[in-house]
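Asker: this is a predicted model, with the sequence first.
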Amino acid sequence: MIYSINDKFREEIYEKNTRESIIDYLLKQTENKKEYILGLMISDWYKVNYVLQEERILSFLNNGTRNIIDLCLNNHYFISVIYDEAKAFYNSPLIKKIIVINNTSGTTEEKKLYEIFKFHILDKISYSFSHDLDDFNEYYLDFNEKNKDYTNKDFIFELITTEMQHLFKLNISKYIENIIVFMQEYYKWNFYKKERLNDKPLFPNDYDFLKLIETLPFNNLVDVSIHNSDFLFTMIKDYLVYRNFTDEEENDRANNFLMENTSNEFQKKLKIKG
């Protein structure tokens, strides 16, 4: 993910201040910086209320953004209210910020965000969905940390599955680049658990999926991943869980077992070996 100056200021505003100290913090700033900080806070407040569909509150901005900035400068209680709700956006999972920015793209709400805060363009760049594997891992770990009580534990896996299906239509080379890594990781761990540890499969279709990977040519496996959402979802979930929550020694054991117990031809098919 790309971090912008907006994110650096958010950290200063929400990590180093409270609703009690934010007033003094603002009063110490130059006029230009004060307006930048207020614009950033109000835009974050707007995003939170957009998600909650608080149309009555959002309609307040119809009087003009200059009015709300002036109100903040003249009404310290109102700044405190803005601060609390804006901080909720800051504390939300990265993937949810991305969804908000994506859902407002090209809408009247996005136009309003630019009116409130011209540097919204930096958020649009920072919070665009990335299809890089390192970013997938960041989304997953961030969501896992900030949503420990979230009822739908599979939300992040479902979202990345949907985004991968979208990626196939946009950039098939990138899709295949990601799929091969998912497949390598998925096969390695499930083969290791089945053949070495005698563990039960995590998903009902795991052994069927293992057989598919073993027997089908790679191009056919790509085709299965495109048309079988369960196969794609399962590989993505296993990849994210094992890549982020397995210790190095166990990972080495699984790697070695795979290399010692599969053919050179199979390893070349999954690009484990050149």
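Answerer: Nice, thanks for sending it over. Residues are numbered from 1 along each chain as shown.
Asker: distance of the closest residue to residue 5 other than its chain neighbours from residue 3?
Answerer: Take residue 5 and drop its neighbours on the chain: the residue closest to it by C-beta to C-beta, 6 or more residues apart in numbering is residue 122, 6.6 Å away. For glycine as for every other residue, the C-beta is placed from the backbone atoms N, C-alpha and C. Noted for residue 122: a distance of 10 Å to residue 3, by C-beta to C-beta, to the nearest Å.
Asker: so for the two, which sits in the more crowded spot?
Answerer: residue 122 (17 against 11; other C-beta atoms under 10 Å).
Asker: the one helix or strand residue 43 maps to - contacts with which helices or strands?
Answerer: Per DSSP states H and E, residue 43 falls inside helix 31-51. If contacts are counted by 3 or more C-beta pairs under 8 Å, 6 or more residues apart in numbering; DSSP states H and E, helix 31-51 sits against helix 5-15, helix 22-27, helix 55-58, helix 65-74, helix 76-91, helix 94-104, helix 108-116.
Asker: could these go into CSV alongside distance to residue 234, mean neighbour count and mean pLDDT?
Answerer: Listed next are the helices and strands packed on helix 31-51 as CSV, based on distance: least, C-beta to C-beta, whole Å; neighbours: other C-beta atoms under 10 Å; pLDDT from 0 to 100:
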stretch, distance to residue 234, mean neighbour count, mean pLDDT
helix 5-15, 34, 15, 95
helix 22-27, 46, 16, 91
helix 55-58, 40, 12, 55
helix 65-74, 47, 15, 73
helix 76-91, 31, 17, 89
helix 94-104, 20, 18, 92
helix 108-116, 35, 16, 87
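Asker: where along the stretch 151-274 of the chain do the strands fall?
Answerer: Taking DSSP state E, counting those that start in this stretch as the criterion, the stretch 151-274 of the chain carries no strands.
Asker: quick one: low-confidence parts of it?
Answerer: Along the stretch 151-274 of the chain, the model assigns pLDDT under 70 to residues 151, 201-204, 273-274.
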